[in-house]
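Colleague: please find the sequence and the predicted model below.
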Amino acid sequence: MSSIASAFSTYAKMPAQQDETLEVAKIVKLSLEIFNEPYIFFEAEDEDNLVVKFDRTQLIRVVTNLVKNAIQAVPEVEHPRILVSVAGEPQWVKIMVADNGVGIADANRDKIFEPKFTTKSSGMGLGLGMVKTIVETYGGAITFTSQPGKETVFTVRLPRIKIKA
């Protein structure tokens with residue numbers, strides 16, 4: 001089991017496959033099509049001008065991993081809600097995944113991106129570590145805020161490319 005985890009960790013550190021010019025809102029929307037949960041919502045501002053250099057498959061992996069975690073955080077919530085949004089900042093394209101689930105305990109905040117750390121009964125705890133590695137490989141950053149029992153919001157910022165009109 002440990003060797004499988006190590007293999008995944010090694011894979012997560014692999015360099016980027018391709019640098020593509022991507023319209024983030026379109027790729028995020030595409031990523032959400034694999035989920036059937038009616039409580040997942042999507043918002044985007046200025047969809048055509050939110051462009052980054054990123055590997056398409058890696059961006060889909062980042063989004064689906066964050067959404068999957070959000071789904072796992074809301075199973076006991078009476079009215080689950082996950083909001084995935086894409087917005088622009090002067091230097092960044094910001095992807096946010098917010099849920100109204102169980103939240104992240106204070107004791108786990110510092111470990112959340114560590115490879116092999118998990119609070120779940122299944123899985124190897126590689127998801128958020130891999131997401132962080134992918135995002136940082138492209139010069140981006142990932143942060144989160146959480147209020148246990150209320151909400152968690154993961155924010156990914158990716159360097160924005162200005163498209164000349």
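Modeller: That came through, no problem. Residues are numbered from 1 along each chain as shown.
Colleague: how near is the residue lying closest to Lys29 once chain neighbours are set aside to Gln72?
Modeller: Once flanking residues are discounted, Lys29 sits nearest to Phe42: 5.9 Å by C-beta to C-beta, 6 or more residues apart in numbering. Where C-beta positions appear, they are placed from N, C-alpha and C, glycine not excepted. As for Phe42, its distance to Gln72 is 19 Å (criterion: C-beta to C-beta, to the nearest Å).
Colleague: circling back: ok, what's across the strand from the residue nearest to Lys29?
Modeller: Assessed by DSSP bridges, Phe42 has beta-bridge partners Val84.
Colleague: what's it in contact with, if anything?
Modeller: Phe42 sits next to 28-29, 32, 83-85 when contact means C-beta atoms under 8 Å, 6 or more residues apart in numbering.
Colleague: 6 Å instead?
Modeller: In this structure, Phe42 makes contact with 29, 32, 84, judged by C-beta atoms under 6 Å, 6 or more residues apart in numbering.
Colleague: hey, which helix or strand in this protein has the poorest pLDDT?
Modeller: Every helix and strand in the chain was compared by mean pLDDT, DSSP states H and E; the lowest is helix 2-12, with a mean of 55.
Colleague: report pLDDT for the residue nearest to Lys29.
Modeller: In this model, Phe42 is scored at 97, pLDDT.
Colleague: just Phe35 next, same as before
Modeller: The model reports Phe35 with a pLDDT of 96.
Colleague: which other residues reach the helix or strand hosting Thr57?
Modeller: Using DSSP states H and E, Thr57 maps to helix 56-73. Under the contact criterion C-beta under 6 Å, 6+ apart, helix 56-73 has outside partners 20, 27-28, 31, 82, 97, 99, 101-102, 127, 131, 134, 154.
Colleague: got CSV for those, with neighbour count and secondary structure too?
Modeller: CSV is the format used below for these (neighbours: other C-beta atoms under 10 Å; DSSP: H, G, I helix; E, B strand; the rest coil):
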residue, neighbour count, secondary structure
Glu20, 15, strand
Ile27, 22, helix
Val28, 27, helix
Ser31, 22, helix
Ile82, 23, strand
Val97, 24, strand
Asp99, 28, strand
Gly101, 24, coil
Val102, 19, coil
Gly127, 23, helix
Val131, 23, helix
Ile134, 24, helix
Phe154, 25, strand
